[in-house]
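> coordinates only, sequence not included:
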């Protein structure tokens with residue numbers, strides 16, 4: 001696996017994000033499918049769109065491989081737990097947090113020590129009925145900004161990834177999207193346990209036509225982006 005140098009050197013004050021186009025790396029990604037457990041294999045097989053199933057399986061295999069390198073253990077032996085809204089985490093009491101996102105052929109995986117994180121990426125071209133969706137999911141301030149934007153889809157996409165990154169970091173469902181405004185660099189929002197947390201937001205450079213954002217628990221941290 002040709003992971004960029006330095007990716008696995010993860011200090012506590014950093015978040016490392018790896019992003020890649022699945023279609024460009026299928027040959028070596030498919031080698032990771034052998035590490036999937038029966039539940040993951042079944043889920044991959046149940047996708048109506050075969051490509052979506054392959055993307056899920058390849059991403060899951062990659063996640064296992066990366067976690068195995070970080071933890072120094074066999075990827076197939078890693079066990080996952082899930083929060084009330086389905087956020088994956090390590091079942092063991094490891095001080096390593098991760099999150100992942102995908103849009104089209106692109107996938108992003110974020111890793112952090114100690115702090116919980118959330119990551120999201122979206123395609124501008126895939127943002128349809130932006131105003132209708134925003135009226136259901138955006139705060140009044142976010143909606144006002146969107147309605148004044150010259151490029152509605154691009155602005156919607158940039159706000160949406162920030163909001164979903166926060167929701168994913170907090171372990172909440174999409175029904176929480178309208179409860180906060182993600183235009184500022186810090187969002188105060190209770191997590192899945194009901195504990196008030198400050199989530200720090202940053203945008204991660206991404207391929208043209210896409211937007212990606214990262215939310216981090218507690219104080220601001222530095223992030224590094226690695227592309228395969």
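Thanks, I have it. Keep in mind the model is a prediction, meaning the values are calculated, not measured. Numbering: from 1, shown residues only.

> To what extent is residue 128 buried, counted in neighbours?
Residue 128 has 9 neighbours, counted by other CB atoms under 10 Å. Where C-beta positions appear, they are placed from N, C-alpha and C, glycine not excepted.

> measure it to residue 153 for me?
For residue 128, the distance to residue 153 equals 8 Å [CB to CB, to the nearest Å].

> swap in residue 146?
10 Å.

> what about the two, which has more around it?
When neighbours are counted by other CB under 10 Å, residue 146 and residue 153 differ, and residue 146 comes out ahead with 21 against 16.

> How about the contacts made by the more buried one?
130, 131, 134, 138, 152, 155, 156, 159 (CB atoms under 8 Å, 6 or more residues apart in numbering).

> which residues touch the fourth one?
Think residue 138. 146, 159, 163, 177, 178.

> What about the protein, which residue is the most distant from its middle?
The outermost residue of the chain relative to its centre, with distances by CA atoms, centre = their mean, is residue 148 at 28.0 Å.

> Tell me how far that residue lies from residue 134.
Separation of residue 148 from residue 134 (CB to CB) stands at 12 Å.

> Spatially nearest residue to residue 13, not counting backbone neighbours?
Excluding the flanking residues, the one nearest residue 13 by CB to CB, 6 or more residues apart in numbering is residue 221, at 5.4 Å.

> For burial, what's the neighbour tally of that neighbour?
20.

> Need the pLDDT of it.
pLDDT, residue 221: 85.

> ok now do it, which residues does it touch?
With contact set as CB under 8 Å, 6+ apart, residue 221 has these partners: 13, 14, 15, 112, 115, 200.

> let's see 10 Å
11-15, 112-115, 117, 200, 202, 214 (CB atoms under 10 Å, 6 or more residues apart in numbering).

> Ok, residue 166 next?
Counting by CB under 10 Å, 6+ apart, residue 166 has contacts 118, 120, 172, 176-177, 179-180, 182, 187, 189, 197, 199-201, 213-216.
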